[in-house]
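In: test case, fold it:
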Amino acid sequence: MNKVGNKTKGILLAIIGAIFWGGSGVCAQYIMQNKGASTGWLVSVRMLFAGILILFYLYFSQKNKLFTILKNKKDMLSTLIFSVFGVIFLQYAFFAAIKVSNAATATILQYLSPIFIVIYFIFESKKIPNVMSMISIALSLFGTALLVTKGDFGTLSISVLGLFWGLMAGFFGAFYIIQPRRIMAKYGTTTIIGWGMFFGGLLFQLYHPIWKDVPELDLQTFGLVCFIVVFGTILSYICLLKSTRYIPAQFSSLLTSFEPLSSALFSSLFLGVVILPIEIISMVIIIFSVFLLSRNSDM
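Out: Model prediction:
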């Protein structure tokens, strides 16, 4: 395939992966609002079954490498830390934000994770951030303020809990990217994600087992849960990962802007959520701030 074809394929993969993630949030909102699903139950099911399916895939594709990490105590500890803070906390914060606000708001707040990453590297390097980083951070803060106040800066248009869990989703989304870099370089991204999901799912059973608070399990609920696990988690991740084979990682990460956009569109089409012009403006500002970061090589 020629370079143009490869680039097109990479772009499509990144967009499809982002749309799957955005769609999974809308599915989760529908199940929680209409089928009585709790945040804990959804997190429990999503992590455990996504982890199992990814490990099954790895078992048949690279059996010899799958269990290597279990023999290294240091790497196992790092994986468990990733499971708790990078998987459990991220998933729970994201679904909790959806529960107390809506899928579109939760997704755009989680999209702030690159800003948290930049802030982390500023403190790690102990360097004064460059102008582009400062502009990006300022824009993201302004966009977030618009999103949560609808332009009336004297009041919050979403609950304090909604804002808290949305920002926590962004924070732990940054942790998800930063913390496992060493072990991902050593064992591969898919392996760490698989074990991270699996261990996270097992550990979360201690807090909320999958048989507790089971919602109305009709055919519709089952189909939506399958979409969340298979398309919104596994295939979303695989598409975004494979897109980096054809396009630069920075370009791929920029295309994840389709996550909040698709979430807003699906929320409007299928859940009847009214997206106000001020909310669209705030999304554009936040997405543009991340775009500036992706263009800034000296962060």
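
In: so where's the stretch 151-299 of the chain shaky on pLDDT?
Out: Within the stretch 151-299 of the chain, the ranges that satisfy pLDDT under 70 run 153, 156, 248-254, 294-299.

In: could you check how many residues crowd around residue 220?
Out: 13 (other Cβ atoms under 10 Å). For every residue, glycine as well, the C-beta is placed using N, CA and C.

In: please report how far it lies from residue 30.
Out: Between residue 220 and residue 30 the computed distance is 9 Å (Cβ to Cβ, to the nearest Å).

In: same check, this time on residue 67
Out: Counting by Cβ to Cβ, the gap from residue 67 to residue 30 is 38 Å.

In: can you tell me the number of residues neighbouring residue 287?
Out: 21.

In: next one: residue 98
Out: Neighbour number of residue 98 under other Cβ under 10 Å is 32.

In: circling back to that earlier point, out of residue 67 and residue 30, which sits in the more crowded spot?
Out: Using other Cβ under 10 Å, the more surrounded residue of residue 67 and residue 30 is residue 30, with 20 against 13.

In: would you confirm that that one contacts residue 224?
Out: Yes: when contacts are counted by Cβ atoms under 8 Å, residue 30 is listed as touching residue 224 (6.5 Å).

In: find residues that contact each of those two.
Out: By Cβ atoms under 8 Å, 6 or more residues apart in numbering, residue 30 and residue 224 have no common neighbours.

In: who's in contact with the closest residue to residue 273 other than its chain neighbours?
Out: Leaving aside its sequence neighbours, residue 273 sits nearest to residue 267 (Cβ to Cβ, 6 or more residues apart in numbering; 4.0 Å). Residue 267 sits next to 26, 29, 102, 103, 104, 273, 275 when contact means Cβ under 8 Å, 6+ apart.

In: who's in contact with the fifth one?
Out: Spelled out, that is residue 104. Residue 104 touches 25, 260, 263, 264, 267, 273, 275, 279, counting by Cβ under 8 Å, 6+ apart.

In: repeat the analysis, applying 6 Å as the threshold.
Out: For residue 104, the contacting residues are 263, 264, 267, by Cβ atoms under 6 Å, 6 or more residues apart in numbering.

In: pull out the buried residues from the longest helix along the chain.
Out: Ranked by residue count and defined by DSSP state H, the top helix of the chain is helix 3-34. Across helix 3-34, burial judged by 16 or more other Cβ atoms under 10 Å covers 9-11, 13-32.

In: could you point out which element follows it?
Out: helix 39-61 (DSSP states H and E).

In: tell me the gap between that next one and the middle of its chain.
Out: Taking Cα atoms, centre = their mean, to the nearest Å, one finds helix 39-61 lying 15 Å from the centre of the chain it belongs to.

In: which stretches of the stretch 101-250 of the chain form helices?
Out: With helices called from DSSP state H, counting those that start in this stretch, the stretch 101-250 of the chain shows them at 103-110, 113-125, 131-149, 160-178, 181-187, 189-205, 219-226, 236-243, 249-255.

In: can you give me the buried ones in the first one?
Out: Think helix 103-110. For helix 103-110, the neighbour count (16+ other Cβ under 10 Å) marks 103, 104, 105, 106, 107, 108, 109, 110 as buried.

In: tell me the one of those nearest residue 80?
Out: residue 110 (23.0 Å; Cβ to Cβ).

In: thought that closest one was touching residue 169?
Out: Yes: between residue 110 and residue 169 a contact is recorded at 4.0 Å, counting by Cβ atoms under 6 Å.

In: shared neighbours, those two?
Out: In contact with both residue 110 and residue 169: residue 94, using Cβ under 6 Å, 6+ apart.
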